[in-house]
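[1] Generate coordinates for the sequence data below:
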Amino acid sequence: MWVAIDERGRMKATMFQRSPGRIGARLGVSTGWSLRGQLKKHGVAAIAGCTYKQIDAQGLHYSVGGTERLATVDTIVICAGQNSAQQLAGDLERCG
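    Just a heads-up that it's a prediction; the model follows:
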């Protein structure tokens, strides 16, 4: 997911998914329906079938269907997996 602030100070969020198809398609029917409804309600855009290339000062470089794209962003939240991994949390906090 990436988050950007527009010229009016409003947050804009987009969720990216590596697998093609409907966002959350592997969730249970009621969970997927509820999640997609909440995302839509809050104006979260969704892009599926992405290949992530890199994150740098310009933003998130990715491709969809072989077309290279750039999301200029303020914040990137990486959600990779279902289990919490806190091994780096202390180091990151000490680094600011």
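
[2] Please make it C-alpha for all contacts and neighbour counts, starting now.
    OK.

[3] which stretch of helix or strand covers S30?
    Secondary structure assignment for S30, by DSSP states H and E: helix 29-41.

[4] And the strands in the protein, which stretches?
    Along the chain, counting by DSSP state E, strands occupy 2-5, 11-17, 45-48, 50-56, 59-64, 67-71, 75-76.

[5] Tabulate those in TSV, adding columns for distance to Q87.
    As requested, the strands of the chain are exported to TSV (distance: least, Cα to Cα, whole Å):
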stretch	distance to Q87
strand 2-5	23
strand 11-17	25
strand 45-48	29
strand 50-56	22
strand 59-64	25
strand 67-71	29
strand 75-76	20
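
[6] where does the protein have low pLDDT?
    By pLDDT under 70, the weakly predicted segments of the chain are 1-7, 80-83.

[7] before we move on, back to that, just want the angle from the helix holding S30 to strand 11-17.
    140 degrees (axes from the mean of the first three to the mean of the last three Cα atoms, to 10 degrees).

[8] Name the residues of helix 29-41 that are buried.
    Neighbour-count burial for helix 29-41 flags 32, 36 (criterion: 16 or more other Cα atoms under 10 Å).

[9] Give me the contacts around it.
    Helix 29-41 is touched from outside by 23-26, 45, with contacts defined as Cα atoms under 8 Å, 6 or more residues apart in numbering.

[10] Would you list the buried entries among the residues you listed?
    23-24.

[11] Would you check which pair of the contacts of helix 29-41 lies furthest apart?
    Greatest spacing in those, by Cα to Cα: R26 and A45 (18.5 Å).

[12] how deep is the nearest residue to A48 once chain neighbours are set aside tucked in, by neighbour count?
    Nearest non-adjacent residue to A48, counting by Cα to Cα, 6 or more residues apart in numbering: Q17, 4.6 Å away. For Q17, the count of nearby residues is 18 (other Cα atoms under 10 Å).

[13] Kindly report the same for P20.
    Counted with other Cα under 10 Å, P20 comes out at 13.
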